[in-house]
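*Asks:* coords please:
(4 chains)
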Number of protein chains: 2
Amino acid sequence: MSAPLPAVSGCTEMLDSETKAAETPEDHAEELRLWLRLLTCTTLVEGEVRGRLRQRFDVTLPRFDLMAQLDKAPDGMTLSDVSKRMMVSNGNVTGLVERLVESGHLDRRTSETDRRVQVIRLTKLGRAEFRRMAAEHETWIADLFADLTPKDVRELMRLLAKTKASAQKSAARRRS
Amino acid sequence: MSAPLPAVSGCTEMLDSETKAAETPEDHAEELRLWLRLLTCTTLVEGEVRGRLRQRFDVTLPRFDLMAQLDKAPDGMTLSDVSKRMMVSNGNVTGLVERLVESGHLDRRTSETDRRVQVIRLTKLGRAEFRRMAAEHETWIADLFADLTPKDVRELMRLLAKTKASAQKSAARRRS
DNA sequence: CCAAATTGTTTTAAGCCTAAAATGTTTCCT
DNA sequence: AGGAAACATTTTAGGCTTAAAACAATTTGG
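*Replies:* Now for the predicted structure:
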């Protein structure tokens, strides 16, 4: 539709692209490019945030992310909840929590009504440190996205919501 | 400007938000939400692609990404080039290449004009396997983004380009 | 009631990833 | 020429991440 492709696809000119669409090896180069650009943006921002967190607070991004989840849940969360929210594996959370309990940022206890469940919370220290980091973090993000107008931001939010829904649908389709 | 904030910022009503902008503790909640949504989308798609690559081809995403870089460079690339393109650390590439040479997908040789430099290329096997994977990969991406119209895709490309430029500028600002 | 399925978590094995230090090579400058 | 700076890569130490298997506790359906 727009970008010229390198002379790779060996198909000859389509005479009737409308009616023969189903038989054409479809061109998804645009979607591919979109995915790469999405990934680039995320990698870029994530790398910056990671580096600043390390330099300023000597903390890793996964630890910060975990604390961010807990900050929104004053009554604590189960490990499964955290793992779903963060979209990482269960085993990953186990280790992360271990280290944060060790450093005094988290409190972990077994649920009294279901002894399978571990409930974790921020400690006073953990909450205080997180708030300090979060405040600065917000300014970094603002700076990283500074060239976007409020309209750009709104539009991106809308399109990314649509993207997320599309991807979730596709993922569900595969699982079924 | 748009979303109501929880009663956290203790400042009283602004009478003149235009002229006093510099003194207000600024609200960057929208950018923060945008960042989280961007991250969610990427994580979602990345997770799907990772899982499908493993199931269908028993290959990891980083290996696939590295082969994708090399497929575009028939004359090979240096490790530094690869590391810059992939936006990962040098040491990371060293290990990745090691394993791919081991499995017969990559060929690595020391440059004859500069003995510091290692040039890597896809082997015949590596190229063939990559092409097979890439063809399928493209259909996965198309499916994951299927609900986006061509216009959505164009608009996202534009806005993400702007986002990338903004983030790069911010990162450069910090490094200087 | 009790076996089977389900759920929540941890463990394991392997690989990915980073920052920083170390190593080897080339270039630059006087 | 010869030492300093720059460059490309590897090594190191530590942490992150995953999938799959193992374990423990609860729920479910005969």
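*Asks:* so what's the residue count around the residue of chain A found nearest DNA strand C?
*Replies:* Per C-beta to the nearest atom of the strand, A:Gly91 is where chain A lies closest to DNA strand C, at 2.5 Å. Using the backbone N, CA and C atoms, a C-beta is placed for each residue, glycine as well. Using other C-beta atoms under 10 Å in any protein chain shown, A:Gly91 has 9 neighbouring residues.
*Asks:* does it count as helix, strand or coil?
*Replies:* Secondary structure, DSSP: H, G, I helix; E, B strand; the rest coil: A:Gly91 is helix.
*Asks:* who in chain A is up against DNA strand C?
*Replies:* With the criterion set to C-beta under 7 Å from any atom of the strand, chain A comes near DNA strand C through A:47, A:50-51, A:54, A:78-81, A:83, A:90-91, A:93-95, A:97, A:114, A:116-119.
*Asks:* can you say which of the residues you listed are buried?
*Replies:* Among the residues of chain A next to DNA strand C, those classed as buried by neighbour count (16 or more other C-beta atoms under 10 Å in any protein chain shown) are A:78-79, A:81, A:83, A:93, A:97, A:118-119.
*Asks:* near chain B at all, the helix or strand where A:Val45 lies?
*Replies:* For A:Val45, the element it lies in under DSSP states H and E is helix A:29-57. Yes: counting by C-beta under 8 Å from any C-beta of the partner chain, chain B has neighbours in helix A:29-57: A:29-35, A:37-48, A:52.
*Asks:* ditto for stretch A:85-93
*Replies:* Yes: judged by C-beta under 8 Å from any C-beta, stretch A:85-93 and chain B are in contact via A:Met87.
*Asks:* alpha carbons only: can I get that stretch in CSV?
*Replies:* Extracted as CSV, the C-alpha positions of stretch A:85-93 are listed here (Å, rounded to 0.1, in the frame of the first residue of the first chain):
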residue,chain,number,x,y,z
ARG,A,85,-0.8,-8.0,37.1
MET,A,86,2.9,-7.9,36.2
MET,A,87,2.4,-10.4,33.4
VAL,A,88,5.3,-12.5,34.6
SER,A,89,5.7,-16.1,35.7
ASN,A,90,4.9,-17.3,39.2
GLY,A,91,8.4,-18.4,39.8
ASN,A,92,9.7,-15.0,38.9
VAL,A,93,7.6,-13.4,41.6
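*Asks:* what's the average pLDDT for that stretch?
*Replies:* Averaged over stretch A:85-93, pLDDT sits at 96.
*Asks:* ok, now stretch A:66-73?
*Replies:* pLDDT averaged over stretch A:66-73 gives 97.
*Asks:* do it and chain B come into contact?
*Replies:* No: Stretch A:66-73 lies apart from chain B when judged by C-beta under 8 Å from any C-beta; the minimum separation is 9.3 Å.
*Asks:* hmm, the helix or strand encompassing A:Ala171 in reach of chain B?
*Replies:* Using DSSP H and E, A:Ala171 sits in helix A:150-175. Yes: Helix A:150-175 reaches chain B (C-beta under 8 Å from any C-beta) through A:150, A:152-157, A:159-171, A:173-174.
*Asks:* what helices or strands is that helix leaning on?
*Replies:* helix B:29-57, helix B:124-144, helix B:150-175 (3 or more C-beta pairs under 8 Å, 6 or more residues apart in numbering or on different chains; DSSP states H and E).
*Asks:* mind running it again at 10 Å?
*Replies:* helix A:29-57, helix B:29-57, helix B:124-144, helix B:150-175 (3 or more C-beta pairs under 10 Å, 6 or more residues apart in numbering or on different chains; DSSP states H and E).
*Asks:* as a markdown table, those helices with mean pLDDT would be great.
*Replies:* What follows is the helices and strands packed on helix A:150-175, written out as a markdown table (pLDDT from 0 to 100):
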| stretch | mean pLDDT |
| --- | --- |
| helix A:29-57 | 96 |
| helix B:29-57 | 96 |
| helix B:124-144 | 96 |
| helix B:150-175 | 95 |
